[in-house]
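J.: Here is my input, please return the structure:
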Amino acid sequence: MIGRAAPCLVHGCTIRNNSSGSIYVRILYEPITTHDDNVHERRVEFQLGKRSETKVDEEGFNMGSYQVRETIRTVEVTRANGQVDKLNAPFDNVNGIELDWLFVVEERTIKSGRLG
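T.: I've put the predicted structure just below:
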């Protein structure tokens, strides 16, 4: 018998800015197509000071008779000098469904890891 791999999805996260400057963060979610073929695309954007962190709670989308959890597709960071770094799903070290995953912004990279 051949089984399927477990889904590796991130629904909520904590962004930690370990860099030496303030950053602008954009979180993009997977598009959701509704029953009437409309496409819903969510994004969350915020400024994050150096050496600080913020939690981005999981979001649900109402499909009428049921709710779906929105899935994070991309974490994008813009630095004060204009440099843009992106991290796209599937994210490193995610081995299942994660409701509060950790993304750490360093001087030149974004790292994906488990909270705790």
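
J.: C-alpha only now, for contacts and for neighbours.
T.: OK.

J.: E70: how many residues sit nearby?
T.: Here the count is done by other C-alpha atoms under 10 Å, and E70 has 21 residues near it.

J.: Look up how far S52 lies from it.
T.: Distance, E70 to S52, using C-alpha to C-alpha, to the nearest Å: 25 Å.

J.: what's the answer for F46, then?
T.: In terms of C-alpha to C-alpha, F46 sits 12 Å off from S52.

J.: ok, now C8?
T.: 27 Å.

J.: more crowded one of these two?
T.: C8 (15 against 12).

J.: Would you list the phi and psi of E53?
T.: phi -150, psi 160 (degrees, to the nearest 10).

J.: so it bridges to which residues?
T.: Taking DSSP bridges as the rule, E53 bridges to R16.

J.: Could you number the chain from 26 rather than 1 from now on?
T.: In the new numbering, first residue 26, that becomes E78.

J.: was I right about K80 contacting N42?
T.: No - the criterion here is C-alpha atoms under 8 Å, and K80 misses it with N42 at 11.7 Å.

J.: Look at those two and report which has more neighbours.
T.: N42 (24 against 13).

J.: Residue ranges in the protein under the pLDDT threshold?
T.: 26-28, 30, 141 (pLDDT under 70).

J.: what are the ranges of the strands in it?
T.: 34-35, 38-42, 48-54, 57-58, 64-65, 68-73, 77-81, 85-87, 92-94, 97-104, 109-113, 122-123, 126-130, 135-138 (DSSP state E).

J.: Identify the residues contacting the second one?
T.: Read it as strand 38-42. Under the criterion C-alpha atoms under 8 Å, 6 or more residues apart in numbering, residues 48, 73-83, 124-131 lie in contact with strand 38-42.

J.: can we see that at 6 Å?
T.: Here strand 38-42 makes contact (C-alpha atoms under 6 Å, 6 or more residues apart in numbering) with 75-81, 125-130.

J.: Just flag the most distant two among these.
T.: K75 and D125 (20.8 Å; C-alpha to C-alpha).

J.: Neighbour count: the two, which is higher?
T.: D125 (18 against 15).
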